[in-house]
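**Student:** This is a predicted model, with the sequence first.
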Amino acid sequence: MAIDKQRGRASSPGLSRGAIVAAAMRIADAEGVAALSMRRIATELDSGVMSLYRHVANKDALLTAITRAACDERPYPEPAPADWREAMRLAARLDWEVYCAHPWALVTSSSARHFSDTTCLDWMVGALAGLTEDAELARSFSIAVWSYVQGVCIQHVAQQLLPGGDKPEQSPLRATEEDFEAGLETLLDGMEQRASRAASRPAPRTFAAGGRR
């Protein structure tokens, strides 16, 4: 083993970015992202602290990496389902599963500092082409679906986000999967109604330069 002179610890010759990300995810899943530190990961991997920086620049880069890894566990399929409702249901279900498996991703995936990949947003906007031709409205709908999933999932996994020992009795306000499904269908119904209203509005009148107003 090589010696990490700055920390006086041996560094594993098998150390890799993948191993660091996997260790960070294990710690975050068990203890939350607040427990993450380079020293904590080095202990987990029996490595020198400074050796980690050869693979991950800093903690922000680490949080970005584990968020990307969590999302990659359940990627949106290509191509998207042709039916926009099925596409939204699928995206919502995949995100729900990511957040249930990794509750900390509820926070990191919403932080521009730690995650700014727009690939999933582009996927959803494209999938909504069958509902509306208005790209800005499709973007707003996509954000609404994400916000809904995150909000309900916070209620579903809140206990896992709180520090402490034994779990107390579940709150009567805890969202169930049935609540999630019912609310999602209500949201999709509302999106369809709003898109229909927007499409039925007459286009604004335009006038040639110098013409009457």
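**Tutor:** That came through fine. Numbers count the residues shown, from 1 in each chain.
**Student:** in what helix or strand does the closest residue to C153 other than its chain neighbours lie?
**Tutor:** Sequence neighbours aside, Y99 is the residue nearest to C153 in space, at 4.2 Å (criterion: C-beta to C-beta, 6 or more residues apart in numbering). Where you see a C-beta, it was placed from the backbone N, CA and C, and this is true even at glycine. Taking DSSP states H and E as the definition, Y99 sits inside helix 84-101.
**Student:** Just the mean pLDDT for the helix or strand containing E185, thanks.
**Tutor:** Assigned by DSSP H and E, E185 belongs to helix 177-200. For helix 177-200, the mean pLDDT works out to 95.
**Student:** quick revisit: may I see the buried residues of the helix holding Y99?
**Tutor:** Buried residues in helix 84-101, defined by neighbour count with 16 or more other C-beta atoms under 10 Å: 84-85, 87-96, 98-99.
**Student:** Mind putting those residues into a markdown table with distance to S110 and pLDDT?
**Tutor:** As requested, the buried residues of helix 84-101 are arranged in a markdown table below (distance: C-beta to C-beta, whole Å; pLDDT from 0 to 100):
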| residue | distance to S110 | pLDDT |
| --- | --- | --- |
| W84 | 24 | 97 |
| R85 | 25 | 98 |
| A87 | 21 | 98 |
| M88 | 19 | 98 |
| R89 | 21 | 98 |
| L90 | 21 | 98 |
| A91 | 16 | 97 |
| A92 | 16 | 97 |
| R93 | 19 | 97 |
| L94 | 16 | 97 |
| D95 | 11 | 96 |
| W96 | 15 | 96 |
| V98 | 13 | 96 |
| Y99 | 11 | 94 |
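**Student:** Adding distance to T108, write the residues you listed out as CSV.
**Tutor:** Formatted as CSV, these follow (distance: C-beta to C-beta, whole Å):
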residue, distance to T108
W84, 28
R85, 29
A87, 24
M88, 23
R89, 24
L90, 22
A91, 18
A92, 19
R93, 20
L94, 17
D95, 13
W96, 16
V98, 11
Y99, 11
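**Student:** out of the residues you listed, who's nearest G48?
**Tutor:** Closest to G48 out of the buried residues of helix 84-101 is V98 (31.9 Å), distances taken as C-beta to C-beta.
**Student:** Please tell me I have it right and that closest one contacts A70.
**Tutor:** Yes. Judged on C-beta atoms under 8 Å, V98 makes contact with A70 at a distance of 5.5 Å.
**Student:** intersection of neighbour lists for the two?
**Tutor:** A105 (C-beta atoms under 8 Å, 6 or more residues apart in numbering).
**Student:** Sketch out the low-pLDDT regions of the chain for me.
**Tutor:** By pLDDT under 70, the weakly predicted segments of the chain are 1-13, 162-170, 203-213.
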